[in-house]
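Student: model this:
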Amino acid sequence: MNLDEKIRTVPNFPKEGIMFKDITTLLKDSVAFRNAIDSMVEHFMKKDMHFDKVVSTEARGFILGSVLAYEFHAGFVPLRKPGKLPAETIKQEFETEYSTDAFEIHKDAIEEGESVLICDDLIATGGTLKAGVDLVEKLGGKVNGIAALVELTFLKGRDKVKGYDVFSLIKYDEEK
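Tutor: So this is what the prediction gives:
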């Protein structure tokens with residue numbers, strides 16, 4: 001199955017000049033969604049990876065991350081925008097292709113030495129992934145994998161998380 005065909009491109013969203021990769025068209029297709037999840041799981045299973053937690057980014061990343069946590073028999077930990085989590089948190093700011101933003105994570109979300117998979121819907125400039133890695137490592141977790149449905153390789157976001165096992169299912173080598 002060519003999953004690339006299931007992604008809709010929306011011109012000029014969220015601002016002029018951006019060609020937004022909309023994954024909702026893939027998610028609504030039960031066969032494509034299952035195929036995408038199975039492919040991500042297979043990548044890490046081939047390496048005999050075990051994860052204690054899947055940490056996922058707000059908001060579309062939650063969709064993928066929660067299913068991956070279920071598949072890996074792992075706990076799910078959300079990375080949220082500031083002020084959205086109810087208990088004590090730590091915060092990490094990051095740059096996106098559009099702005100500066102931040103994520104928070106509960107201080108008790110990751111235990112020392114836990115194996116973590118970070119999941120996002122899309123790798124662009126790498127700011128969200130780097131923020132996730134930084135937060136997990138500040139809490140003592142070990143990032144053993146990073147998974148994304150889509151990667152915009154021309155933005156070189158992977159460079160911000162060099163040295164980690166990064167897997168993306170659908171790659172775009174140019175903005176189109």
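Student: make it CA atoms for all contacts and neighbour counts henceforth
Tutor: OK.
Student: where along the protein do the helices fall?
Tutor: Along the chain, the segments classed as helices by DSSP state H run 24-27, 30-45, 60-71, 127-138.
Student: got the contact list for the residue nearest to residue 114 when sequence neighbours are not counted?
Tutor: Distance criterion C-alpha to C-alpha, 6 or more residues apart in numbering; nearest residue to residue 114, sequence neighbours excluded, is residue 141 at 4.9 Å. Residue 141 sits next to 110-116 when contact means C-alpha atoms under 8 Å, 6 or more residues apart in numbering.
Student: pLDDT score assigned to residue 176?
Tutor: At residue 176, the pLDDT value in this model is 61.
Student: tell me what the most centrally placed residue in the chain is bridged to.
Tutor: In the chain, the centroid-proximal residue (C-alpha atoms, centre = their mean) is residue 120; its distance is 1.3 Å. For residue 120, the residues forming beta bridges with it (DSSP bridges) are residue 148.
Student: repeat for residue 76
Tutor: Beta bridges link residue 76 to residue 54, judged by DSSP bridges.
Student: is it true that it touches residue 65?
Tutor: Yes: shown here, residue 76 and residue 65 form a contact pair, counting by C-alpha atoms under 8 Å, at 7.2 Å.
Student: need the overlap of contacts for these two.
Tutor: Counting by C-alpha under 8 Å, 6+ apart, the shared contacts of residue 76 and residue 65 are 54-56.
Student: which one of these sits closest to residue 151?
Tutor: Of all the shared contacts of residue 76 and residue 65, residue 151 sits closest to residue 56, with 15.7 Å by C-alpha to C-alpha.
Student: if I look at the closest one, how far off is residue 25?
Tutor: Residue 56 sits at a distance of 20 Å from residue 25 (criterion: C-alpha to C-alpha, to the nearest Å).
Student: and if you look at residue 45?
Tutor: Distance from residue 45 to residue 25, by C-alpha to C-alpha: 27 Å.
Student: enumerate every residue touching the closest residue to residue 10 other than its chain neighbours.
Tutor: Nearest residue to residue 10, sequence neighbours excluded (C-alpha to C-alpha, 6+ apart): residue 20, at 5.0 Å. Contacts for residue 20 (C-alpha under 8 Å, 6+ apart) come out as 9-14.
Student: restricted to strands, list the residues you listed.
Tutor: Using DSSP state E, the subset of the contacts of residue 20 located in strands is 9-11.
Student: tabulate these in TSV, adding columns for pLDDT, distance to residue 165 and neighbour count.
Tutor: Below are the ones in strands among the contacts of residue 20 laid out as TSV (pLDDT from 0 to 100; distance: C-alpha to C-alpha, whole Å; neighbours: other C-alpha atoms under 10 Å):
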residue	pLDDT	distance to residue 165	neighbour count
9	95	27	16
10	96	30	13
11	95	31	14
